[in-house]
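>>> Okay, predicted coordinates and the sequence, questions at the end:
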Amino acid sequence: MRIAVVTISDRASRGAYEDLSGPAVEEWLRTTIVTPFEIVRRIIPDGIASVRDTLLTLCDEQHVDLVLTTGGTGPAPRDETPEAMREVLVKELPGFGEQLRRASLDQTPTAILSRQTAGTRGRTLIVNLPGKPDSIRLSLDAVFAAVPYCLDLIGAGRIETDPARIQAFRPTPPSSS
């Protein structure tokens, strides 16, 4: 199982700002996933081309199973992560974005400005997360139960989570009546 954590920030990519988002994602993953996994980290500038090209490399060349991006989902002019995602995704999974915003609204009213989304490209699931560490933890808690099942459905690597942290999503088998 290979998981990419991509911090999208002009300032962090220049070294003018310490990346707190990527480490927050990694810490959350290490306390939640109980099966072995490798983390691939990237810090890239905002912008459609940089995000698109990084995602394409991670999915098509490096064959990571899961990509978690952080940053670039607001309304600011350089926040273009969703636009780059549209150029990469084969199937969008809008329920992730809906749930991410719903959970974040409990914490902050400005969550309605977020344009997070998720989707698949081949055997890779890509999920956009916010850029603030507290919001990242809240967001991952809100959606991660569906991640292992989605990875199974698309033929990606398999992960198990700590049941004390995340209640695994188990689909209900069809009734036989």
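Thanks, I have it. As the structure is a computational prediction, the values presented were derived from the model and not from experiment.
>>> Could I get the pLDDT score of S50?
On pLDDT, S50 comes in at 97.
>>> and if you look at the one 10 residues further on?
Taken from the predicted model, the pLDDT recorded for D60 is 98.
>>> Pull the contacting residues for it.
By CB atoms under 8 Å, 6 or more residues apart in numbering, the contact list for D60 reads 121-122. Where you see a C-beta, it was placed from the backbone N, CA and C, and this is true even at glycine.
>>> same question, the one 4 residues further on
V64 is in contact with 2-4, 40, 58, 124, counting by CB under 8 Å, 6+ apart.
>>> filter the residues you listed to the buried ones?
Buried members of the contacts of V64, counted by 16 or more other CB atoms under 10 Å: 2-4, 58, 124.
>>> From the residues you listed, which land in helices?
Applying DSSP state H to those, no entry is found in helices.
>>> Among those residues, name the ones in strands.
Among the buried ones among the contacts of V64, the ones falling in strands (DSSP state E) are 2-4, 124.
>>> Redo those residues as JSON lines? Include distance to G74.
Compiled in JSON lines, those are given as follows (distance: CB to CB, whole Å):
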{"residue": "R2", "distance to G74": "28"}
{"residue": "I3", "distance to G74": "24"}
{"residue": "A4", "distance to G74": "21"}
{"residue": "T124", "distance to G74": "24"}
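>>> In JSON lines: those, plus pLDDT and distance to T161.
Listed next are those as JSON lines, based on pLDDT from 0 to 100; distance: CB to CB, whole Å:
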{"residue": "R2", "pLDDT": "98", "distance to T161": "17"}
{"residue": "I3", "pLDDT": "98", "distance to T161": "13"}
{"residue": "A4", "pLDDT": "98", "distance to T161": "18"}
{"residue": "T124", "pLDDT": "98", "distance to T161": "19"}
